[in-house]
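Q: predicted model, plus sequence, below.
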Amino acid sequence: MKMKSNPSPESLFLDNSTMIRVLVLVLISFICVVGVSRTSAKPRASVFKVMSSRAEKGEDNKIQIIHSAGTAFAVGKRSVITAAHNVSDRKSRVFYEDIKILTENGWVKCKVSKKSHLDICELELDSDVSECVLAAGDADPGKSVELYGSVNAAPISHAEGKVIRKYHSDLVYTLAELRFDHGCSGGPVISGGRVVGMVVAGVPTTNGKLDTGKCLYLPVQVIRQFLAGEIEE
C-alpha cells in the first residue's frame, strides 16, 4: 500500500514565496493601471466648454443675440482660465456678462475676475470643480503634447501632437503641431499629465484659411505670471 507523501516544509516555503511575489506583482500592476487611468482622465474632467452671449443691434436695428463658444480649464477649485476673446468683444475688449461653463453637473455661471492685455482671463465660479495641475515649465521642441478642446462647440475631445518651436519676442508663444479648429481656443496643452500652456490662436495658411494642424499657445510660465498678478491689464 502506497502512502501519500506530504510536501516538505521547504517546498511549502517556496510555494508561499511564489504566491507572495505574484500577489505583489498583481498589486503593483493594479496601482499602475489605476494611476494611469486617473492621470489620463483628470485633464478631461477639468476642461469645460465655455459659452458667452451678448445682445447687439443688427443692420436692421433689431436686437439679436450673439453667441460665442470656446474652451476653459480649471486652475483652482473655483477658478478657470480661458482665452479672453472667447468671452469679450475682439475690437473693444469689453467682456460679456452672460458667461457660463458646462460641467458634469450642468451649466455653471461665472464672471470675469482677472484680465490682462494678453489673450487670457480668469473666471470665478460659485461651485467647486476639479482642477488641472500646472507644469513647472514649458515642453521642449519635439516633446509630445495633447490638446483638450471643444471643437466647434462639440463635447470636449483631445488631440495628440508635438511642440515645434518657441517664439520669444514682445509676447512669448509656443508653436505646436496639434489638430486645431474653432472652439479650441482656451484649451490646455498637456504633457505628462500637467498643463504646459493654453491655446490662444490657430495658424493661417498662405491663402488665409486656418491651418487645422497647428496652433499657438501661451506657455505655462506666462499663465503663472498672469495668475500671480504680474501681467498688466
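A: Yep, it's here.
Q: go through the helix or strand encompassing residue 213 and flag the buried ones.
A: Assigned by DSSP states H and E, residue 213 belongs to strand 210-219. By neighbour count with 16 or more other C-beta atoms under 10 Å, strand 210-219 contains the buried residues 212, 214, 215, 216, 217, 218, 219. C-beta coordinates here come from the backbone N, C-alpha and C atoms, glycine included.
Q: what bridges to the third one?
A: Beta bridges link residue 215 to residue 176, residue 202 when assigned by DSSP bridges.
Q: residue contacts, residue 142?
A: 162, 163 (C-beta atoms under 8 Å, 6 or more residues apart in numbering).
Q: and the pLDDT at it?
A: Looking at residue 142, its pLDDT is 96.
Q: likewise for the one 10 residues further on?
A: Note on residue 152: pLDDT of 91.
Q: go on, the one 5 residues further on?
A: Residue 157 is assigned a predicted lDDT (pLDDT) of 94.
Q: what does residue 14 give?
A: pLDDT at residue 14 comes out at 48.
Q: check the one 5 residues further on too.
A: Looking at residue 19, its pLDDT stands at 56.
Q: skipping its backbone neighbours, what lies nearest residue 118 in space?
A: Spatial nearest neighbour of residue 118, excluding adjacent residues (C-beta to C-beta, 6 or more residues apart in numbering): residue 231 at 6.2 Å.
Q: a strand runs through the one you found, doesn't it?
A: No. According to DSSP: H, G, I helix; E, B strand; the rest coil, the state of residue 231 is coil, so it is not within a strand.
Q: ramachandran angles for it?
A: Main-chain dihedrals, residue 231, degrees, to the nearest 10: phi -110, psi 130.
Q: residues near the residue lying closest to residue 211 once chain neighbours are set aside, how many?
A: With C-beta to C-beta, 6+ apart as the criterion, residue 211 has its nearest non-adjacent residue at 4.5 Å, and that residue is residue 203. As a burial measure, residue 203 scores 14 neighbours (other C-beta atoms under 10 Å).
Q: residues in contact with residue 203?
A: So residue 203 contacts 175, 180, 210, 211, 214, 215, 216 (C-beta under 8 Å, 6+ apart).
Q: ok, now with 10 Å
A: Residues in contact with residue 203, defined by C-beta atoms under 10 Å, 6 or more residues apart in numbering, are 175, 176, 180, 210, 211, 212, 213, 214, 215, 216.
Q: which pLDDT value goes with the third one?
A: In this prediction, residue 180 carries a pLDDT score of 92.
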